[in-house]
Structure formats: structure tokens, C-alpha cells
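[1] any chance you could fold what I've pasted below:
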Amino acid sequence: MSGHDPQAVSPPDRSTLAQALPTPPSCLRRPALFLDLDGVLAPLAPTPEAVVPDPRRTAVLRALLDRLDGRIAIISGRTLAEIDRISEAALRSASGVHGLERRSDDGTVVVDEAAPAVRTAVGVFQAFAADRPGVIVEDKIVSAGLHFRGAQDQAVAARDLAARLADHTGLSLQSGNLVVELKTPGTDKGTALSAFMAEPPFAGAVPVMVGDDLTDEHGFEAAAALGGFGVLVGPSRPTAARFGLDDVAAVLDWLDSVTEVP
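    From the prediction side, this is the model:
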């Protein structure tokens, strides 16, 4: 597939369950890569802090930064500080907390003002977690996360609580892989991708969003709207992505092979 033109592929019909998606091409015309972190560049772990730097990941990212003249960014639900910790600050461009934090290639950082209701959500989540071992609250200042990977029997209760809080507070509900998050409204991974694409060095490139979670669908859709495509990591499901990769190892192998063609 190395000579394949990604823009010639029709987008999938999201009204039906996606079949096995083809592997993305590795020879691309002026690509701009946008990569989720957990489940894409790093394996999922029981707790957020259990995800640590990896020499191969760091080497692949730094090589791509040079090969693509800076047209690569991590777009994650984690904070910028966490992105830098895990990636060993390999990339200049990054967006955290689903677009609420964004650092441009020139180092400019923009952080949205936190909705006051986030403090309410943090408090309610902490009360919920207090007598439920394995449930973890993550305070990101502009959002509140409730992780239940270590207490999956609490999934229904956690999701119901988050949905009620979203209705009550007006915060945006973001459901993920064994986590729910209530965030300051106004941004998502798609708005972050679009903002990068409006500035150097990304402007005029072909955006490629690689993600695994429902939160990445906004990124897939934004990439497609700007002439690019999405890559879904993991099992097939209804998605706006055109291509697929099996797991983190497959993502790193593919990234290692990505080259730019005229």
C-alpha cells in the first residue's frame, strides 16, 4: 500500500459496525501526524501514573519530528505536564485535556479558563471514591476524571454519577476507556487538531489522527474535514477512521515506517 493515495479512500459508513480496517499507508504526501497517548503510543495501565517513558517510543517520536519538519503533535486527555513526562518532552507541539491546554510549535501555551463547576465535580468524585477501593479521581484543574479500571464493578454507578453531574453543572461529559471525565466546555480533540492545522508548521499539510477511544472520534472527523484521515487503534467499531492498527506495538512499527513523498 506504500503508493496509495489516502485522499482517494471513501470514508466509512458510521451507521453500520465497521469491518476490519485496512492498515494505513506509510508513504504519505506531506503528512501532519496527531497522536493520542494512552492506548496509542503507550499501553493502557491500571493507574495514570503507571504509564512511564519508553526509549523506543521517545526515539520514534524524535525521529519523526525531524523527518516531518515538526509536523507531529500529541493530542491527549492528559495534561501537558503528563504528556511531557511520558514522552520525555520529545515533541514541541502538544494538546492536553481534550484541547483545553495547547502548546504550539513556537512554545506558546494557551490554557482555557476552568469552569468553576469543575471544583464541584472533583469534590463529588472524591466522595464517591472514598469508600470504593480502586476508584481514582484525577484533578486536572480544567476537568475532573473518575477512573474505575481498578474497580470495574463500579462502572455503571460511576457513569450514572457523571451523567447526573453533567446535567446539573453544564460541564461536558467525556466518556473514555474505563474512565469518565467532566470538563470545561468548548474544546475537544477535533478543535485542537484544527487549531494546529491553522498555524506553522502544520498549515497546508494532510492531517492524520491516530486514536483508540471514543474521545478520538472528534479528531478523526476533523482530520477528514481537512483532507486527511483517521486511524483507529484496537478492535473495530463504528468509527470515522478510514484505517486501523491492532495495538501500540503496531502503531510504533507504522510510525517508524512513515515517510514523506512529494
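[2] which stretches of the stretch 101-250 of the chain form helices?
    117-130, 155-169, 189-197, 217-225, 248-257 (DSSP state H, counting those that start in this stretch).
[3] make JSON lines from the ones you listed and add mean pLDDT, mean neighbour count and distance to residue 231 to it.
    Quick note: C-beta positions are derived from backbone N, CA and C, even for glycine. Formatted as JSON lines, the helices of the stretch 101-250 of the chain follow (pLDDT from 0 to 100; neighbours: other CB atoms under 10 Å; distance: least, CB to CB, whole Å):
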{"stretch": "helix 117-130", "mean pLDDT": "97", "mean neighbour count": "18", "distance to residue 231": "31"}
{"stretch": "helix 155-169", "mean pLDDT": "96", "mean neighbour count": "16", "distance to residue 231": "27"}
{"stretch": "helix 189-197", "mean pLDDT": "98", "mean neighbour count": "24", "distance to residue 231": "13"}
{"stretch": "helix 217-225", "mean pLDDT": "98", "mean neighbour count": "24", "distance to residue 231": "8"}
{"stretch": "helix 248-257", "mean pLDDT": "98", "mean neighbour count": "17", "distance to residue 231": "8"}
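[4] which one of those helices lies nearest to residue 77?
    Nearest to residue 77, of all the helices of the stretch 101-250 of the chain, is helix 189-197, at 8.3 Å by CB to CB.
[5] distance from the chain centre to the closest one, please.
    11 Å (CA atoms, centre = their mean, to the nearest Å).
[6] could you dump it to CSV, C-alpha only?
    The C-alpha trace of helix 189-197 is given here as CSV (Å, rounded to 0.1, in the frame of the first residue of the first chain):
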residue,chain,number,x,y,z
LYS,A,189,-9.5,16.8,20.2
GLY,A,190,-11.0,17.9,16.9
THR,A,191,-10.8,21.6,17.8
ALA,A,192,-7.2,21.1,18.9
LEU,A,193,-6.3,19.4,15.6
SER,A,194,-8.0,22.2,13.6
ALA,A,195,-6.1,24.9,15.6
PHE,A,196,-2.8,23.2,14.9
MET,A,197,-3.6,23.0,11.2
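[7] quick one: contacts of it?
    32, 34, 36, 73, 75, 93, 95, 98-99, 102, 104, 202-203, 205, 207, 209, 211, 215-216, 218-219, 221-223, 226 (CB atoms under 8 Å, 6 or more residues apart in numbering).
[8] put the buried members of the residues you listed into a ChimeraX selection.
    Per 16 or more other CB atoms under 10 Å, the buried members of these correspond to this ChimeraX selection:
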select :32,34,36,73,75,93,95,98,99,102,104,202,205,207,209,211,215,216,218,219,221,222,223,226
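[9] sort out for me which of the contacts of helix 189-197 are in strands.
    32, 34, 73, 75, 93, 95, 102, 207, 209, 211 (DSSP state E).
[10] distance check, the spatially closest residue to the third one that is not a sequence neighbour against residue 34.
    The shortest distance from residue 73 to any non-neighbouring residue, by CB to CB, 6 or more residues apart in numbering, is to residue 93 (3.7 Å). In this structure, residue 93 lies at 9 Å from residue 34, with CB to CB, to the nearest Å as the measure.
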